[in-house]
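**Q** Have a look; sequence and predicted model below, questions after that.
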Amino acid sequence: MRVYQLKRTQILPLSLEEAWSFFSTPQNLNEITPDDMSFEILPPKPDENMYEGMIINYIVRPVLNIPMRWTTEIKHVKEQHYFVDEQRFGPYAFWHHKHFFEAHPDGVKMTDIVDYAIPFGPLGEIARLIFVEKKLNSIFDFRYTKLESMFTQTKKEAV
């Protein structure tokens, strides 16, 4: 099984505290997920900020509107520094997503590192080449643009 990596970095005009407050609230994930994924957190919905051991169940529709159940566990949390989520059940053979936050002169620097593997051997590799890698990149491209729009606009309105 081959493990691939996607890495993205973004600087937003937020304090570390503001960034942590937004990103450690599971309900905000829907806001930064493309509409065509039809992202939906399933009951029991988390009603608090993330903590180590938190389980989040959701449905996504990444391909042809076919629903896929996905369960992640928040494995590690160091408040205002990082958190790590891992897939327990879902479409990937392996999914390990690290979210890092650090103060930056222009606000907060956020880094996402996703290590993932595709199931189904050679068929999975073909799927990765045809659409999985493109879909992952489009999701993170959407996030980047959405976050820029949300937080740059918020800061302009506050001035």
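**A** Received it, and whenever you're ready, just let me know what you need. In this text, all values refer to a predicted model and were calculated from it rather than measured experimentally. Numbers count the residues shown, from 1 in each chain.
**Q** what ranges do the strands span in this structure?
**A** Counting by DSSP state E, one finds strands in the chain at the ranges 4-12, 40-41, 55-60, 68-78, 82-89, 94-104, 107-117.
**Q** Tell me which of these lies nearest to residue 148.
**A** Each of these was scored for nearness to residue 148 using C-beta to C-beta, and the closest is strand 4-12 (7.4 Å). Just so you know, the C-beta spots here come from the backbone N, C-alpha and C atoms, and that holds for glycine as well.
**Q** lowest-pLDDT helix or strand in the protein?
**A** Least confident helix or strand of the chain, by mean pLDDT, DSSP states H and E, is helix 133-158 with a mean of 87.
**Q** Could you pull up the residues touching residue 140?
**A** 6, 8, 112 (C-beta atoms under 8 Å, 6 or more residues apart in numbering).
**Q** what number of residues lie near the second one?
**A** In other words, residue 8. Applying other C-beta atoms under 10 Å, we find 14 residues neighbouring residue 8.
**Q** ok, so what distance separates it from residue 107?
**A** 16 Å (C-beta to C-beta, to the nearest Å).
**Q** Tell me the one of the contacts of residue 140 nearest residue 152?
**A** residue 8 (17.1 Å).
**Q** Tell me if I'm right that residue 109 and residue 9 touch.
**A** Yes. Residue 109 lies in contact with residue 9 (C-beta atoms under 8 Å); the separation is 6.5 Å.
**Q** of these two, who's got more company?
**A** residue 109 (17 against 11).
**Q** So for the more buried one, what pLDDT did the model give?
**A** For residue 109, the pLDDT comes out at 98.
**Q** in the sheet, who's paired with it?
**A** residue 11, residue 102 (DSSP bridges).
**Q** check contacts around it.
**A** Contacts of residue 109 by C-beta under 8 Å, 6+ apart are 9-11, 101-103.
**Q** Please apply the same query to residue 76.
**A** With C-beta under 8 Å, 6+ apart, residue 76 has these contacts: 52, 82-84.
**Q** what bits of the protein have low per-residue confidence?
**A** Where the chain drops to pLDDT under 70, the residues are 154-159.
**Q** any idea how far residue 97 is from residue 70?
**A** Distance from residue 70 to residue 97, by C-beta to C-beta: 12 Å.
**Q** In terms of neighbours, single out the busier of those two.
**A** Neighbour count, other C-beta under 10 Å: between residue 70 and residue 97, residue 70 has more, with 20 against 17.
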